[in-house]
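>>> Quick one, structure for this:
(chains A and B)
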Amino acid sequence: MTHIIANQLVLGYNGHSVINGLSLTAEPGEMLGLIGPNGAGKTTVLRALNGLISPNQGTVLIDDQDVQKLSASAKARTIGMVPQGESHVWPLSVEEVVSLGRAPHRGWLLPFSSTDRAAVDRALELTSLSELRSRSIEKLSGGERQRVMIARALAQEPDVLLLDEPTANLDVQQQILLLELVRKLTREGKLIAVMAIHDLALAARYCDRLLLLFNGRDYAAGPPEVVLTSQNMQAVFGVEAELYRDPYGQWALTVQTVSDNSVLVLE
Amino acid sequence: MLWRLSPRIYTLSYSVNSRSFLFRNPLTYLGLGLILIVGLVVSLGVGAVSLTPHEVLAALSGAPVKSSHSTIVWDFRLARVLLVALCGASLAAAGTGFQGLFRNPLADPFVVGASGGAALGATLAVILSRASVLSIPIGFAGFFGALLAVSLVYALAESSSYGSVAGLLLAGVALSTLLAAIVSLLLLLSTGVMQEVFAWSLGGFSGRSWSHFWQTLLIAPIGIAILWLMARPLDALGGGDESAAALGLNLRQARFIVIAGASLATAAAVAAGGIIGFVGLIAPHLSRLLFGAKHAYLIPASMIMGSLLLLLADGLARTLMAPLELPIGVFTAMIGAPFFLILLRTGHARR
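Alright, predicted model coming up:
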């Protein structure tokens, strides 16, 4: 089975380092949430996992293979990416966008085979988009558009799904529906989902494990109750917070007030 | 300004009122093809001696007709009309390619410096041949000027710190402005050149014959074919660079191939007809509204649209003040600009 193992990553742009020594692992069927304050480097970590930037130090291994050494199309067959705030500028149809996910398998020139069409159909079905396949993506709601991007990633038939703030700009119902979908896909498809997510309450509720990024490293990692402790919340976000089980038995997080004795200056 | 030298770098979010696109129906393509054939036949009939479509078809089919009709159609008009259609198609394909590359419906075939380079090449050719130093055909000089300018912009952009897309636009603007200044200076310093260069730069197909057509047919289809083969990468680029890279697209390579194809198609049209504006901007825009944005369909649809537009402009150019022939660029702008404004007003392109 596929695993992600990142070892002592040092990441940055133009000599300015954002991440200084971060390690993480992720297993199939698992949702890993990357959390942290603004500018902590969540997107940077996703880009390194996707091989879009090369680490200054350390390696990202997927299935014991160095991501940097994979060809572009081999990478895209292994990793599906749902970028942040993604929107196509042109009025393509849902099916046309999802079909782009077949490029790593079929290339950019050859006509689609029945395998490709079946993969596209399946991706549309898994994301409940079959009915909307001919619709122009400009006619979709924010949640539907996010689903299109997930379907495009699924058409790549990846082992790993990377999502950058998938719930940003969605209303509360769409946020829940989307994360339910990601969880279902992850569990049933034995995918590894790594998600950068801003909303700590949603992160606690849906992620199996969290990785708290702070000061350029993995400040804490583990299940929500291990990571979102009062001490960590105080130290990293400068707020008093409490994680508890809500009446439905799911994790919930209350944030009280900014602590008076907080001496942290957040970026 | 004599030339349309300032590349358009505004951003414009694109929106279309489309329930389902017409291109889903193969008959639409058949229809477009028929309209193009009708356009060609009508164009063949227009001119100093006007012929009915029936007479044109008779002359074309080799049926026994007046020999003057046969001469008019075969020797004078057919080459020109086919050349006009080919140039319209080339400019439209190039415009579609650049719009796709820049994710911007306001990009046109001259966005990365082709017009400035072509103008400088043409100016130098005219000056040199006036001075009896060197005789280069003006179209030939325009062709290489355009290609050289685009290559220079590309090289500058690849080494810029702005990232390739922004770098291309910025280098395109800067180099176009510089080349325009050089052209202005050269025109002011050399006497009697202005008229010829000015007329050429506004575009026109006066006196074009079969040899021009064959030359263009040798080059333009290569550019067009390259662009059409890049249809799927262009679709992917519409989602942004990072998103396209996540699909395994080699961005640098794709960008290079699209620029090469589009510039070849542009330069071929420039060599044949001068710097003709607006066709490459409006044909893709209009086709996207009608046929959707998938480039494999959009490129051929834009090409037919571009051919029709340029045939219309050429027809007007040679009949409105006949026997005086007006520059075709005047008409592409006069038809294109109001049309474009109507599109903007009706909310097809908003924000």
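>>> Most proximal residue of the stretch 51-200 of chain B with respect to chain A?
For the stretch 51-200 of chain B, the residue closest to chain A is B:R103, as judged by C-beta to the nearest C-beta, at 4.6 Å. Heads up, the C-betas are built off the backbone N, CA and C, glycines and all.
>>> Please list all residues in contact with that residue.
Listed by C-beta atoms under 8 Å, 6 or more residues apart in numbering or on different chains, the contact partners of B:R103 are A:V89, A:W90, B:V165, B:L237, B:G238, B:G240.
>>> so the fourth one makes contact with B:F102?
To tie it back to what came earlier, the one meant is B:L237. No. Taking contact to mean C-beta atoms under 8 Å, the distance of 9.0 Å between B:L237 and B:F102 leaves them out of contact.
>>> Pick out whichever of the two has more residues nearby.
Between B:L237 and B:F102, counted using other C-beta atoms under 10 Å in any protein chain shown, the more crowded position is B:L237 (28 against 24).
>>> which non-adjacent residue is nearest the more buried one?
B:A244 (5.0 Å; C-beta to C-beta, 6 or more residues apart in numbering or on different chains).
>>> Figure out the helix or strand that that neighbour lives in.
Taking DSSP states H and E as the definition, one finds B:A244 inside helix B:241-246.
>>> other SSEs contacting that helix?
The criterion is 3 or more C-beta pairs under 8 Å, 6 or more residues apart in numbering or on different chains; DSSP states H and E, and the helices and strands that helix B:241-246 contacts are strand A:79-82, helix B:231-237, helix B:251-273.
>>> Dump it to PDB, restricted to CA.
In PDB, the C-alpha atoms belonging to helix B:241-246 read as follows (Å, rounded to 0.1, in the frame of the first residue of the first chain):
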ATOM      1  CA  ASP B 241      -0.500  27.200 -14.100                       C
ATOM      2  CA  GLU B 242      -0.400  25.300 -10.900                       C
ATOM      3  CA  SER B 243      -3.500  23.400 -11.700                       C
ATOM      4  CA  ALA B 244      -2.200  22.500 -15.200                       C
ATOM      5  CA  ALA B 245       1.200  21.400 -13.700                       C
ATOM      6  CA  ALA B 246      -0.700  19.100 -11.300                       C
END
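>>> now it: mean pLDDT?
Averaging pLDDT along helix B:241-246 yields 90.
>>> What residues does A:F112 make contact with?
When the contact criterion is C-beta under 8 Å, 6+ apart, the partners of A:F112 are A:S99, A:R102, A:R106, A:V120.
>>> quick one: secondary structure of it?
When the structure is reduced to helix, strand and coil (DSSP: H, G, I helix; E, B strand; the rest coil), A:F112 reads as coil.
>>> and the residue sitting nearest the centre point of chain B, what does it touch?
Central residue of chain B (C-alpha atoms, centre = their mean): B:L91, 2.1 Å from the mean position. For B:L91, the contacting residues are B:P109, B:A265, B:T266, B:A269, B:I276, B:V279, B:G280, B:A283, B:G306, B:L310, by C-beta under 8 Å, 6+ apart.
>>> Measure how buried the residue lying closest to the last one once chain neighbours are set aside is and give me the count.
Distance criterion C-beta to C-beta, 6+ apart; nearest residue to B:L310, sequence neighbours excluded, is B:G88 at 3.1 Å. Close neighbours of B:G88, defined as other C-beta under 10 Å, add up to 32.
>>> Hmm, B:G88 is touching B:L312, no?
No. No contact is recorded between B:G88 and B:L312 when judged using C-beta under 8 Å, the distance being 9.3 Å.
>>> Which residues of the stretch 251-351 of chain B lie near chain A?
Remark: the part of the stretch 251-351 of chain B in contact with chain A comprises B:R288, B:G292, B:A293, B:K294, using C-beta under 8 Å from any C-beta of the partner chain.
>>> now for those residues, which pair is the farthest apart?
For those, the farthest-apart pair by C-beta to C-beta is B:R288 and B:K294; their separation is 9.6 Å.
>>> What backbone torsions are found at the residue sitting furthest away from the middle of chain B?
With distances taken from the mean C-alpha point of chain B and given as C-alpha atoms, centre = their mean, the most distant residue is B:P64, at 37.2 Å. Dihedral angles of B:P64 (phi, psi; degrees, to the nearest 10) stand at phi -60, psi 110.
>>> Please tell me how far it sits from B:A58.
8 Å (C-beta to C-beta, to the nearest Å).
>>> cool, and B:M194?
For B:M194, the distance to B:A58 - C-beta to C-beta - is 45 Å.
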